[in-house]
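*Asks:* For reference, the sequence and a predicted model appear below.
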Amino acid sequence: MLNWGVMSAGGIAYVFCNGMRFTDSGQILAVASRTESKMDRLVNDFGIPRQYNDYADLLTDDDIDAIYIATIHPLHAEWAIKCAEAGKHLLVEKPISMNHAEAAAMVGAARENDVFLMEAFMYRTHPQVAKVVELIQDGTIGDVRVIRSTFSYRSNFNPQSRIFNREMGGGGILDIGCYTASMTRKIAGAADNKLFLNPVEIKGNGKVGPTGVDHIAAATLKFENGIIGEIIAAVECSVGSSVFIYGTEGSITIPSPWLPSSLCRHAREPLPLDTVFPSTKIIVESYQRRETTEITVDVDRDLFTYEADTVANHIADRQAPAMSWDDTLGNMQLLEAWLAEVGVVH
């Protein structure tokens, strides 16, 4: 069983701690936060035995095996490298870093210090993704031609909020565009029986706000196997959050690609231990048969529990196929290019 330390006590840290209640692969041993009220809430709600006011204290706690870094994006690289040098295994919130160079340094630190490292794209660990890959590789929709992936929400403009503050890593591309990029690369790779594929051409555009971060961004991607990808991320308007995969013989729709089966994501208190987590659905349309089929993917735990279990199951390998180091580096390279196309530099 892994003993986890949680770095930062914000909203996503609360979600992760809630998800950890439904696994026997690990437990939350300690939390570190610079905001005492948020840390107290985690400690009280989840019975976390140790609490620290300094992130560095997690590194010197010899009982901690792995650290979940849930800080704002700009702090990821600094603390991940420090954790690796302290011999701690790592799960780092997405995006793993602010740019490709930082991500490469983090991977280098994990390799040099022989520790596990995974970027926390929790949706990649859900059985829904494995089912979509299976459908594609079985030829259910023929040859994949186009992938359209969107993630969006509407947030009122506040220059001090994490979403719109440039110094805090704001903007839609880093916050949620990373999902659309990673999913499109995953599907393009699946069509070639690979874990992922990086685009050979990227064209982007978007709207940059007064604080210098992107509010709306879109990009078209071209892959070496001829697949075209369309990715959209928006934080000032909702354009949907779904994935459509179009092939020569049919299509696949993923209505809930990013947060399937997650009751923990929006829970404001610890969920009951007898909670039943909802299944998710994949819609397959056959052009020839002119019929639509709903495929149900059943689960036995929360999305964030799958994520924690993935770390535990692959800790000895130092990386997980759900989001390998090369996959992360390829995704950061795409995000960096997309940001440049839109006119944002971090």
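*Replies:* Sure, I can see it. Numbers count the residues shown, from 1 in each chain.
*Asks:* can you give me the helices in the stretch 51-200 of the chain?
*Replies:* 56-60, 76-85, 100-113, 127-137, 172, 178-190 (DSSP state H, counting those that start in this stretch).
*Asks:* quick one: which of those is nearest Ser251?
*Replies:* helix 127-137 (10.7 Å; C-beta to C-beta). Bear in mind the C-beta positions are built from the backbone N, C-alpha and C, glycine included.
*Asks:* circling back: just put the helices of the stretch 51-200 of the chain in JSON lines and tack on distance to Ser241.
*Replies:* Formatted as JSON lines, the helices of the stretch 51-200 of the chain follow (distance: least, C-beta to C-beta, whole Å):
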{"stretch": "helix 56-60", "distance to Ser241": "33"}
{"stretch": "helix 76-85", "distance to Ser241": "24"}
{"stretch": "helix 100-113", "distance to Ser241": "25"}
{"stretch": "helix 127-137", "distance to Ser241": "14"}
{"stretch": "helix 172", "distance to Ser241": "12"}
{"stretch": "helix 178-190", "distance to Ser241": "9"}
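*Asks:* export the ones you listed to CSV and tack on mean pLDDT, distance to Asn158 and mean neighbour count?
*Replies:* Formatted as CSV, the helices of the stretch 51-200 of the chain follow (pLDDT from 0 to 100; distance: least, C-beta to C-beta, whole Å; neighbours: other C-beta atoms under 10 Å):
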stretch, mean pLDDT, distance to Asn158, mean neighbour count
helix 56-60, 98, 30, 17
helix 76-85, 98, 23, 22
helix 100-113, 98, 26, 19
helix 127-137, 98, 33, 18
helix 172, 98, 15, 29
helix 178-190, 98, 22, 26
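*Asks:* tally of neighbours for Asp62?
*Replies:* Residues near Asp62, counting by other C-beta atoms under 10 Å, number 9.
*Asks:* ok, so what distance separates it from Ala86?
*Replies:* 10 Å (C-beta to C-beta, to the nearest Å).
*Asks:* Then Gln137?
*Replies:* 40 Å.
*Asks:* quick one: stretch 295-310 to chain centroid distance?
*Replies:* Centroid separation for stretch 295-310 versus its chain: 14 Å, with C-alpha atoms, centre = their mean, to the nearest Å.
*Asks:* got the buried residues for that stretch?
*Replies:* Buried residues in stretch 295-310, defined by neighbour count with 16 or more other C-beta atoms under 10 Å: 297, 299, 301-310.
*Asks:* Now the two most distant members of those.
*Replies:* Val297 and Ala308, at 19.1 Å, using C-beta to C-beta across the buried residues of stretch 295-310.
*Asks:* on that earlier part again, next step: the buried residues of stretch 295-310 restricted to strands.
*Replies:* Val297 (DSSP state E).
*Asks:* distance between the ends of stretch 174-181?
*Replies:* End-to-end distance of stretch 174-181 (C-alpha to C-alpha, to the nearest Å): 10 Å.
*Asks:* when you give positions from now on, start the count at 742
*Replies:* Sure, I'll start counting at 742 from here, so that last one is stretch 915-922.
*Asks:* from the chain's centre, how far out does that stretch sit?
*Replies:* Worked out by C-alpha atoms, centre = their mean, stretch 915-922 lies 8 Å from the chain centre.
*Asks:* Same check on stretch 1033-1045?
*Replies:* The answer for stretch 1033-1045 is 18 Å, by C-alpha atoms, centre = their mean.
*Asks:* Likewise for stretch 923-942?
*Replies:* 16 Å.
*Asks:* May I have the distance across it, first residue to last?
*Replies:* Across stretch 923-942, first to last residue, C-alpha to C-alpha, it's 15 Å.
*Asks:* what does it contact?
*Replies:* For stretch 923-942, contacts defined as C-beta atoms under 8 Å, 6 or more residues apart in numbering pick out 862, 864-865, 870, 873-874, 877-878, 884-885, 888, 890, 962-966, 968, 970, 972, 984, 986, 998, 1062, 1064-1065, 1067-1068, 1071-1072, 1074-1075.
*Asks:* Restricted to strands, list the residues you listed.
*Replies:* 885, 888, 890, 962-963, 970, 972, 984, 986.
*Asks:* Mind telling me the two of those residues farthest from one another?
*Replies:* Lys963 and Val984 (18.1 Å).
*Asks:* hang on, the earlier thing: of the contacts of stretch 923-942, buried ones?
*Replies:* The buried subset of these - by 16+ other C-beta under 10 Å - is 862, 864-865, 870, 873-874, 877, 885, 888, 890, 962, 964, 968, 970, 972, 984, 986, 998, 1064-1065, 1068, 1071-1072, 1074-1075.
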